[in-house]
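Student: Next input, structure requested:
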Amino acid sequence: MRKILIVLVMLFIGQQVGFSQEKSRKADGWIFGPSIGYQYQSGSFLKASAWGLFAPNQSQYIKFDAGANFTWMMDQSTVIPEFGVTYYLNNVAVWPFIKGEITPYTATAKAGISVFSILELSAGYGFDINTKENFKPIDGFTFGVGLNIPLKFHLY
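Tutor: Numbers count the residues shown, from 1 in each chain. Model (predicted):
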């Protein structure tokens, strides 16, 4: 009986050690892909970019994206480069997030919700930092919708 009890205790301890190691396992990969979206901020913009997402821990994610905003304003077409950083606050089906975007003409802070970081709805406020010549200032309230298409589906 004593040997059986010792074996059961050893199995239980081994299982708990394995479980704690699995819980502390850190994601070390990246999910990446293209994205497309629409944003309204002093006018309509079509957004196209490439992005990469990684997990600093098991329940938070950070995404970097770089791309271009396409618009037709003041009787001219314009392409504006953009860089963004998104911080996802949770890893359930609907992920709340905060995001910062910077272009040569505006800095924008956003908050929103995302479904598995694939479909994003956001709202925020942009600040004009450098008005483009022969163009109107791009500032004020903004809202947008985006679609991120993952080409890799897991972080491990």
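Student: going forward, measure contacts between C-alpha atoms and count neighbours the same way
Tutor: Fine.
Student: Tell me which stretches of this structure form strands.
Tutor: Secondary structure of the chain, counting by DSSP state E: strands at 31-40, 44-57, 60-73, 76-88, 94-102, 106-115, 119-128, 140-148.
Student: List the contacts of the fifth one.
Tutor: With contacts defined as Cα atoms under 8 Å, 6 or more residues apart in numbering, strand 94-102 is touched by 82-90, 107-117.
Student: same question for it, mean pLDDT?
Tutor: For strand 94-102, the mean per-residue pLDDT is 93.
Student: now do the fourth one
Tutor: Average pLDDT, strand 76-88: 93.
Student: what angle sits between it and strand 44-57?
Tutor: Interaxial angle, strand 76-88 versus strand 44-57 (axes from the mean of the first three to the mean of the last three Cα atoms, to 10 degrees): 20 degrees.
Student: what does the last one give?
Tutor: With the same axes, to 10 degrees as the criterion, the two stretches strand 140-148 and strand 44-57 enclose an angle of 70 degrees.
Student: hang on, the earlier thing: can you list the strands of the chain in a markdown table and add mean neighbour count and distance to Asn134?
Tutor: Listed next are those as a markdown table, based on neighbours: other Cα atoms under 10 Å; distance: least, Cα to Cα, whole Å:
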| stretch | mean neighbour count | distance to Asn134 |
| --- | --- | --- |
| strand 31-40 | 18 | 20 |
| strand 44-57 | 18 | 17 |
| strand 60-73 | 18 | 10 |
| strand 76-88 | 17 | 10 |
| strand 94-102 | 19 | 20 |
| strand 106-115 | 19 | 16 |
| strand 119-128 | 18 | 15 |
| strand 140-148 | 18 | 19 |
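Student: In contact with Tyr87, which residues are there?
Tutor: By Cα under 8 Å, 6+ apart, Tyr87 lies in contact with Gln60, Tyr61, Ile62, Lys63, Phe97, Ile98, Lys99.
Student: let's see 6 Å
Tutor: Tyr61, Ile62, Phe97, Ile98 (Cα atoms under 6 Å, 6 or more residues apart in numbering).
Student: for Phe54, same thing?
Tutor: Contacts of Phe54 by Cα under 6 Å, 6+ apart are Trp30, Tyr61, Ile62.
Student: any idea which of those residues is closest to Gly37?
Tutor: Gly37 lies nearest to Ile62 out of these, by Cα to Cα, at 18.7 Å.
Student: Look up the closest residue to the closest one, ignoring the ones flanking it.
Tutor: Using Cα to Cα, 6 or more residues apart in numbering and skipping the chain neighbours, the partner closest in space to Ile62 is Tyr87 (4.7 Å).
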